[in-house]
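Chemist: Just a sequence and a predicted model for now, questions to come.
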Amino acid sequence: MKIKKWNWILLLVLGLFMVVIGIQQMIGLSGSGNNNNNEIKPATGQNEDTNRSGPIIGAQAPDFTLNGLDGEPTYKLSDLKGDKPVLINLWASWCPPCKAEAPDLVRLYEKYRDEMEIYAVNLTTADSVEGAQQFVNEYGIEFPVLLDEEGEVGKMYQAISIPTSYFIDRSGRVKNKMIGITSPDNLEKMFQELIDVK
């Protein structure tokens with residue numbers, strides 16, 4: 001009888017331990033100081049996490065300056081102000097939805113490159129320069145790929161689920177925000193709507 005009682009107590013303690021570990025992982029306490037792929041999760045849908053903080057629609061988009069994967073010393077968001085609208089797309093090479101979205105972005109950039117810019121911000125703290133370069137080569141990306149090597153832009157734009165995209169008009173204001181991916185037709189419609197904003 002005593003042996004069975006200790007078995008039950010041991011199972012209960014083990015079960016409670018597993019519950020605590022699970023809760024820690026759910027709220028992000030486990031490994032919160034590390035920069036790894038577990039901190040940023042692939043988005044599962046367009047409307048996911050829409051209440052999280054970050055630049056809001058109608059607000060001025062926070063400015064940033066990043067080095068380019070193409071060897072350009074810097075790209076600065078505010079340099080586009082008054083010239084072209086821009087899509088800021090935050091992504092990583094290991095992210096399945098980012099891979100699914102890449103061909104659509106390549107196609108739309110080829111079609112609208114004279115009217116709109118794309119800044120593809122690689123979350124390099126959760127990825128690698130090598131991974132980003134391989135991704136660019138695989139999908140034939142010609143738009144600027146920027147390296148967020150310090151993680152500052154990812155924090156500024158709340159890239160908790162990826163891809164996260166911000167549509168910025170010529171005046172530098174956020175016109176739309178999308179977490180995850182959408183259909184090619186809807187994505188093109190969002191491009192056209194942004195281009196039409198004067």
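Modeler: That came through fine. Numbering: from 1, shown residues only.

Chemist: Can you report how many residues lie near Gly58?
Modeler: 8 (other Cβ atoms under 10 Å). All C-beta atoms are positioned from the backbone trio N, CA, C, and that covers glycine.

Chemist: Do I have it right that it meets Val174?
Modeler: Yes - counting by Cβ atoms under 8 Å, Gly58 touches Val174, with 6.6 Å between them.

Chemist: Would you mind grabbing the residues shared as contacts by those two?
Modeler: Counting by Cβ atoms under 8 Å, 6 or more residues apart in numbering, Gly58 and Val174 have no common neighbour.

Chemist: Tell me, how many residues neighbour Asp79?
Modeler: 13.

Chemist: likewise Glu152?
Modeler: 14.

Chemist: That one touches Thr65, doesn't it?
Modeler: No - counting by Cβ under 8 Å, Glu152 does not reach Thr65; the two are 9.9 Å apart.

Chemist: pretty sure Pro97 is touching Ser165, no?
Modeler: No - counting by Cβ under 8 Å, Pro97 does not reach Ser165; the two are 11.0 Å apart.

Chemist: Which residues are in contact with Val106?
Modeler: With Cβ under 8 Å, 6+ apart, Val106 has these contacts: 139-142.

Chemist: before we move on, which element is it in?
Modeler: helix 96-112 (DSSP states H and E).

Chemist: for that helix, which positions count as buried?
Modeler: For helix 96-112, burial by neighbour count (16 or more other Cβ atoms under 10 Å) applies to 97-99, 101-102, 104-106, 108-109, 112.

Chemist: Same question for stretch 165-178.
Modeler: By 16+ other Cβ under 10 Å, the buried positions in stretch 165-178 come out as 165-170, 172-175, 177-178.

Chemist: List just the nearest of the contacts of Val106 to Met116.
Modeler: Among those, Glu142 lies closest to Met116 (Cβ to Cβ), at 13.4 Å.

Chemist: any idea how far the nearest residue to the closest one once chain neighbours are set aside lies from Glu150?
Modeler: Spatially, and ignoring its direct neighbours in sequence, Glu142 is nearest to Tyr109 (6.5 Å; Cβ to Cβ, 6 or more residues apart in numbering). Distance of Tyr109 to Glu150, given as Cβ to Cβ, to the nearest Å: 26 Å.
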